[in-house]
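Next comes the sequence, and after it the predicted model I'd like to discuss.
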Amino acid sequence: MIRYHTNKELADKLHINLAKWKRWSREFLPPDPLGGLQSGYARHYKTDDAFTVVLGGHLVSELRFSIPQAKTILTDLQQWLLDLRFYFDYEGRANPLADIHASVQSYTIYIIPLSLTRQHAAVFNYILRGFIGKQSHIVDDLPLISERFVEQTHPKNDPDIFLHTRPVLRALNITALHNWFHDRLTANG
């Protein structure tokens, strides 16, 4: 069963100012087909729609992207987030990913701006890193820790992404944000 949420409920549970929540929802979601300013109908959100608003708001408020840049990032990453089950797959559009992703404990998305000028639309590349685990070792009486990751680039057709990575990349810990969202939404009271 699909659960729907109201503006006030989401703003309260997520501790986001109601006016800010409504502004973000207007920016990051398509217009409500049932509502309008004078329809008298309050918008209701599926959980996926609410997460899209939270993610867009996080990109703007915490990672300091502009609204148009955040929209581009949401569009670019939508299929990947669906494939890794950060969204429910209501329409059956997810593509199964390799078995290695079952071992991943958390994901971080490194956002690499390639073009942020006013003359061109924002263009980004992404490094999608999944943390698998770490092990402790002793080598020559020195304690060492090795970590294992799985990485892929987006778009996949850019094998030189690491060559033009700039120090201005921003990290989005998508797993932590998703867990926070889920915990706040399911918390009692």
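Yep, that arrived.

What residues of stretch 10-30 count as buried?
Judged by neighbour count using 16 or more other CB atoms under 10 Å, the buried positions of stretch 10-30 are 10, 11, 13, 14, 16, 21, 22, 24, 25, 28. Every C-beta, even on glycine, is put in place using the N, C-alpha and C of the backbone.

can you pull the contacts of the second one?
So that's residue 11. Neighbour list for residue 11: 17, 18, 20, 21 [criterion: CB atoms under 8 Å, 6 or more residues apart in numbering].

Serialize those residues to JSON lines and add fields for pLDDT, distance to residue 181 and secondary structure.
Formatted as JSON lines, the contacts of residue 11 follow (pLDDT from 0 to 100; distance: CB to CB, whole Å; DSSP: H, G, I helix; E, B strand; the rest coil):
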{"residue": "17", "pLDDT": "96", "distance to residue 181": "17", "secondary structure": "coil"}
{"residue": "18", "pLDDT": "95", "distance to residue 181": "17", "secondary structure": "helix"}
{"residue": "20", "pLDDT": "96", "distance to residue 181": "16", "secondary structure": "helix"}
{"residue": "21", "pLDDT": "96", "distance to residue 181": "13", "secondary structure": "helix"}
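
so which of those comes closest to residue 105?
residue 21 (30.2 Å; CB to CB).

The closest one touches residue 54, doesn't it?
No. Using CB atoms under 8 Å, residue 21 is not in contact with residue 54, being 9.2 Å away.

which residues are in contact with both of the two?
Contacts common to residue 21 and residue 54, judged by CB under 8 Å, 6+ apart, are residue 14.

which strand in this structure runs the most residues?
strand 123-139 (DSSP state E).

quick one: low-confidence ranges for this protein?
1, 34-40, 89-91, 96-100, 115-121, 156-168, 189 (pLDDT under 70).

Now do the helices in it.
7-14, 18-28, 47-61, 67-83, 174-186 (DSSP state H).

what's in contact with the fourth one?
The contact list for helix 67-83 (CB under 8 Å, 6+ apart) reads 27-28, 52, 55-56, 59-60, 65, 87, 89, 93-97, 109, 111, 113, 116, 121-124, 126, 128, 154, 174.

Just the buried residues from those residues, in ChimeraX please.
Restricted to buried positions by 16+ other CB under 10 Å, the ChimeraX selection for the contacts of helix 67-83 reads:
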select :28,52,55,56,59,60,65,87,94,97,109,111,113,122,124,126,128,154,174
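
hang on, the earlier thing: of all the buried residues of stretch 10-30, which comes closest to residue 103?
Distances from residue 103 to the buried residues of stretch 10-30, taken by CB to CB, are shortest for residue 14, at 30.3 Å.
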